[in-house]
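In: The following comprises the amino acid sequence and a computationally predicted model.
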Amino acid sequence: MFLVIARAIQGIGAGMLQATAFTSVSDMFPQPARRARWQGMITSTFAVASVVGPVLGGVMTESLGWRSVFYINLPVGILALVLIQLFLPGDLSPRAKNARIDWAGAATITVAISALLLVVEWGGNTMPWTSPTIVGLAVLTVGSLIAFGFIERSAPEPLIPFDLFRRQSILFANIISLIAGFAMFALVYFTPLLLQGGLGLSPSAAGLFQTPLAVSTAL
């Protein structure tokens, strides 16, 4: 239970980190060319991490135990905090003073996603699909999504501006990203299980075998 709670807290921080990284670059570099270059550099760090991470994680798991992989964030995080304190400007965007957070939208979409994940995780495994719990969670998912749609239409600064999807380029880009995400994250999740559980490879060998997948995904 402690691991689940700790990972949930870590996930909140990771989500905030990803969003803040790109918005900070937009505020620091308003020029489109420089902004694109620095955002590309940030994306490249994710690509490098996706290549190095499985191999390093496999080696650490095999030699030091699986708990050791959670300590890798400590030196990296401390270094990042020091660099942020030294080089990141204190006031990146005056717009933040007048910004209003869409708390209602964030709450409803969080409930919807959480309920949907529980449906997918428990349905057909822990509980039958027709059980009251699964049906109730499914109803909660749909209801929360409907409430989220109404909230976003009336929010002064919505979490997801639906007007953006009127542009076909943005609409199709998001649809393609959604479809690609299904395939990519399925591979990321099931490939280690197949390599270790099905083929009997060691953690380090499984991490090494995932390198081509990580490289192609990054490219």
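Out: The structure has been received and is ready for your questions. Residues are numbered from 1 along each chain as shown.
In: in the chain, which ranges drop under the pLDDT threshold?
Out: Residues of the chain meeting the criterion pLDDT under 70: 90-99, 217-219.
In: where exactly do the strands run in the chain?
Out: Remark: strands of the chain are absent; assignment by DSSP state E.
In: would you list every one of the helices in it?
Out: Secondary structure of the chain by DSSP state H: the helices cover 2-28, 32-64, 73-87, 103-122, 132-154, 168-193, 203-209, 211-218.
In: Name the stretch among these that sits most buried.
Out: helix 203-209 (a mean of 20; mean count of other C-beta atoms under 10 Å). In this view, the C-beta of every residue, glycine as well, is placed from N, C-alpha and C.
In: same for that one, what does it pack against?
Out: helix 32-64 (3 or more C-beta pairs under 8 Å, 6 or more residues apart in numbering; DSSP states H and E).
In: could you give the angle of the helix it packs on to helix 211-218?
Out: Inter-element angle recorded for helix 32-64 and helix 211-218: 160 degrees (by axes from the mean of the first three to the mean of the last three C-alpha atoms, to 10 degrees).
In: Report the angle between helix 32-64 and helix 168-193.
Out: 10 degrees.
In: rewinding a little: got the helices of the chain as a markdown table, with distance to P161 columns?
Out: Below are the helices of the chain laid out as a markdown table (distance: least, C-beta to C-beta, whole Å):
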| stretch | distance to P161 |
| --- | --- |
| helix 2-28 | 15 |
| helix 32-64 | 20 |
| helix 73-87 | 29 |
| helix 103-122 | 11 |
| helix 132-154 | 8 |
| helix 168-193 | 10 |
| helix 203-209 | 40 |
| helix 211-218 | 29 |
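In: Ok, which of the ones you listed comes nearest F162?
Out: helix 132-154 (6.0 Å; C-beta to C-beta).
In: any idea of the angle that closest one forms with helix 103-122?
Out: Going by the same axes, to 10 degrees, helix 132-154 makes 150 degrees with helix 103-122.
In: Return the distance of helix 132-154 from the chain's centre.
Out: Taking C-alpha atoms, centre = their mean, to the nearest Å, one finds helix 132-154 lying 21 Å from the centre of the chain it belongs to.
In: cool, stretch 181-201 as well?
Out: With C-alpha atoms, centre = their mean, you get 18 Å for stretch 181-201.
In: what sits up against that stretch?
Out: 54, 202-203, 205-206, 209-210, 213, 217 (C-beta atoms under 8 Å, 6 or more residues apart in numbering).
In: farthest pair in those?
Out: Applying C-beta to C-beta across the contacts of stretch 181-201, the maximum distance is between S202 and T217, 22.6 Å.
In: of all the contacts of stretch 181-201, which comes closest to D27?
Out: Nearest to D27 among the contacts of stretch 181-201, with distances taken as C-beta to C-beta, is T217, at 28.6 Å.
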